[in-house]
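Enquirer: Build me a model from this:
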Amino acid sequence: MIAITKDLLLISNSTLHGSGYLDHCEYQIKDILRSRKKVLFIPYARPGGKTFNEYTKIARERFQKMGFSLNGIHEYNNQKKAVKNAESIFIGGGNTFVLLKYLYDTGIIDCIKQKVSEGTPYIGTSAGSNVAGKTIMTTNDMPILYPSSFEAIGLVPFIINPHYLDLDPTSKHMGESRETRIKEYHAFNNDIVVGLREGAMIRVVGNNLYLKGSNGARIFKRDQEPTDHRSRGSLDFLLSENV
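Expert: Residues are numbered from 1 along each chain as shown. Reported below is the predicted structural model:
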């Protein structure tokens with residue numbers, strides 16, 4: 001069972017079509033941070049090849065609009081100490097393989113897990129949500145770097161597939177669907193996979209897990225038909241159920 005102190009916001013995507021960066025999840029971000037005013041940002045995923053400074057500038061400006069100060073972890077000489085002293089942690093999206101490699105290479109992956117287990121709020125978008133799960137083995141990203149392990153931070157006992165797309169029966173695309181890829185994963189592995197559609201979020205408060213945002217999620221278990229779940233529902237079983 002997940003530790004009662006955990007406080008997580010795991011967001012499928014940072015931007016929705018027609019809106020700006022983090023606009024669709026601003027309320028949830030303010031809710032999880034509450035009285036905390038400082039955010040430690042981890043820009044390792046480098047979307048589009050952005051530098052750490054470029055990515056941090058984008059996040060800093062957005063969080064300042066919400067009333068929070070934000071610093072990139074690369075701006076600290078001692079990154080483990082930065083995690084230890086963080087009031088809150090935000091890991092942004094980008095390439096999941098790149099992100100996880102940096103988490104291992106800097107040695108902060110266990111520091112983050114320990115810090116969050118003590119009650120420090122954790123926010124993840126896209127790749128930042130992906131690494132909150134058990135592994136990154138259902139990521140949609142290209143393996144442009146090779147982390148020392150596919151095991152992720154493990155803040156929740158399942159795997160998250162952000163940006164989950166349902167099969168479009170009118171599409172002329174002849175490649176595999178996201179559902180097919182996840183079934184391929186389950187041919188060799190047992191972990192539950194939560195496909196978070198665009199606009200959907202997972203909110204964990206202690207031993208409770210809530211599906212927030214729009215469009216809901218599709219949950220996959222080995223040797224079972226996937227199930228659809230709507231937003232604003234409780235999915236507490238995901239914190240303790242084994243396949």
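Enquirer: Got the confidence number for the closest residue to residue 46 other than its chain neighbours?
Expert: Counting by CB to CB, 6 or more residues apart in numbering, residue 46 lies nearest to residue 94, which is 5.0 Å off, once chain neighbours are set aside. For the C-beta atoms, the positions are set from N, CA and C on the backbone; glycine is no exception. For residue 94, the model assigns a pLDDT of 97.
Enquirer: Residue 94 - how many residues pack around it?
Expert: Neighbour count of residue 94, defined by other CB atoms under 10 Å: 23.
Enquirer: for residue 195, same thing?
Expert: Residue 195 has 26 nearby residues by other CB under 10 Å.
Enquirer: sec struct for it, please.
Expert: Put simply, residue 195 is strand when judged by DSSP: H, G, I helix; E, B strand; the rest coil.
Enquirer: I'd say it and residue 218 touch.
Expert: Yes. Between residue 195 and residue 218 there is a contact under CB atoms under 8 Å: 4.2 Å.
Enquirer: any shared contact partners between those two?
Expert: With contacts defined as CB atoms under 8 Å, 6 or more residues apart in numbering, the residues shared by residue 195 and residue 218 are 164, 179, 226.
Enquirer: List only buried entries from those.
Expert: For the shared contacts of residue 195 and residue 218, a burial check counting by 16 or more other CB atoms under 10 Å picks out 164, 179.
Enquirer: Out of the shared contacts of residue 195 and residue 218, which sit inside strands?
Expert: Among the shared contacts of residue 195 and residue 218, the members found in strands (DSSP state E) are residue 164.
Enquirer: between the shared contacts of residue 195 and residue 218, which is nearest residue 71?
Expert: Nearest to residue 71 among the shared contacts of residue 195 and residue 218, counting by CB to CB, is residue 164 at 31.6 Å.
Enquirer: Now do the same contact list for the closest one.
Expert: 12, 178, 195, 196, 197, 217, 218.
Enquirer: mind giving me JSON lines with these and columns for distance to residue 113?
Expert: JSON lines is the format used below for these (distance: CB to CB, whole Å):
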{"residue": "12", "distance to residue 113": "22"}
{"residue": "178", "distance to residue 113": "28"}
{"residue": "195", "distance to residue 113": "24"}
{"residue": "196", "distance to residue 113": "21"}
{"residue": "197", "distance to residue 113": "27"}
{"residue": "217", "distance to residue 113": "23"}
{"residue": "218", "distance to residue 113": "27"}
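Enquirer: tell me, what residue is most central in this protein?
Expert: When the chain is reduced to its mean C-alpha position, the nearest residue by CA atoms, centre = their mean turns out to be residue 129, at 0.5 Å.
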